[in-house]
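In: Sequence and predicted structure are below.
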Amino acid sequence: MDKIILTDVDGVLLDWEEKFKTWIMRQGYKFNPTYDSHYGINERYGIPHGLGLQLVEKFNSSSDFESLPPWRDSVDYVKKLATEGWQFVAITTAGEHPWTHGLRWSNLINVFGEGVFKSLHVLPIHGDKSVELKKYKDSGLFWIEDKLSNAELGIKLGLQPLLMDAPYNKDYNGAIRRVKNWKEIYSIINS
C-alpha cells in the first residue's frame, strides 16, 4: 500500500484562524470570545447572516491566505513523515476563486517544502469532502481533520480519522481518536 496520509489543511496543517482574525478585524469586525467554541464565523465576529461566506471567499483569495503560519508543531512532524516516505494528499474546502488553489499550493510549499504533498484538492466552501475521500474508500488510510462531521465521514468511508483538537469540537467524546498535535499523530502512525 502507498504511504499516503489524507489531511485537511486549515486547523490541521496551517493556522487559518489567527490570520483570518487579523484580516477580519482590519475589515471592521470584532472577535467575540463568547462564541469561541462555534465553528462558524458569523457569531464569532458579529458578521450579518449571509455575508460570512463572501468574506471568507474574499480572504481565501487574498495575499493573506498565501502566508498562513503552520499549525502547532505541523512542520517538524510532517517533514519527518515525508523523509520516512509518506506523502500527503490535502483536501480542503477553501473556495472556488481562481486564485485560491494557487495561493494554497504556494503556502503549503513555502511552509513544508517541495515534494511533501502528492496532491491538493480545493473544494467549494462548505463543499462535500466525500468527492475526494471516496477515491480512498475502505483503504484504512489516516484522515486528519478538525471538523467533526468530516472526521465522521472518514469512518463511513473506511478511513482512520484522527480529530485535531479545537474549541469547536471539544465536546466530542465518541469513537474517533482525538489528537492535540502532530507529535501525537506521528506516534500513532508509527505504532
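Out: That came through, no problem.

In: The residue at the greatest distance from the centre of the chain and Leu51: what is the separation?
Out: Computed with C-alpha atoms, centre = their mean, the residue of the chain farthest from its C-alpha average is Gly28, at 25.7 Å. Distance, Gly28 to Leu51, using C-beta to C-beta, to the nearest Å: 12 Å. Every residue, glycine included, has its C-beta placed from N, CA and C.

In: Over to Tyr77?
Out: 37 Å.

In: Compare neighbour counts for the two and give me the winner.
Out: Set side by side, Tyr77 and Leu51 show more neighbours around Tyr77, with 18 against 12, by other C-beta atoms under 10 Å.

In: Domain parsing of the protein, as residue ranges.
Out: 4-15+68-189, 17-66 (automatic domain parsing).

In: C-terminal to the worst-scoring helix or strand of the chain on mean pLDDT, what's the next element?
Out: Of all helical and strand segments in the chain, the minimum by mean pLDDT, DSSP states H and E falls on helix 41-45, at a mean of 93. Next along the chain after helix 41-45, taking DSSP states H and E as the criterion, comes helix 52-59.

In: Walking through this protein, point out its helices one by one.
Out: With DSSP state H as the criterion, the chain has helices at 16-26, 41-45, 52-59, 74-83, 100-112, 130-133, 148-156, 182-189.

In: who wins for proximity to Asn32 among those?
Out: Judged by C-beta to C-beta, the one of the helices of the chain that comes nearest to Asn32 is helix 41-45, at 6.1 Å.

In: how much distance is there from that closest one to the middle of the chain?
Out: 19 Å (C-alpha atoms, centre = their mean, to the nearest Å).

In: who does it touch, helix- and strand-wise?
Out: In terms of contacts (3 or more C-beta pairs under 8 Å, 6 or more residues apart in numbering; DSSP states H and E), helix 41-45 is packed against helix 16-26, helix 52-59.

In: In CSV: these, plus mean neighbour count and distance to Asn190.
Out: Below are those laid out as CSV (neighbours: other C-beta atoms under 10 Å; distance: least, C-beta to C-beta, whole Å):
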stretch, mean neighbour count, distance to Asn190
helix 16-26, 16, 27
helix 52-59, 17, 35
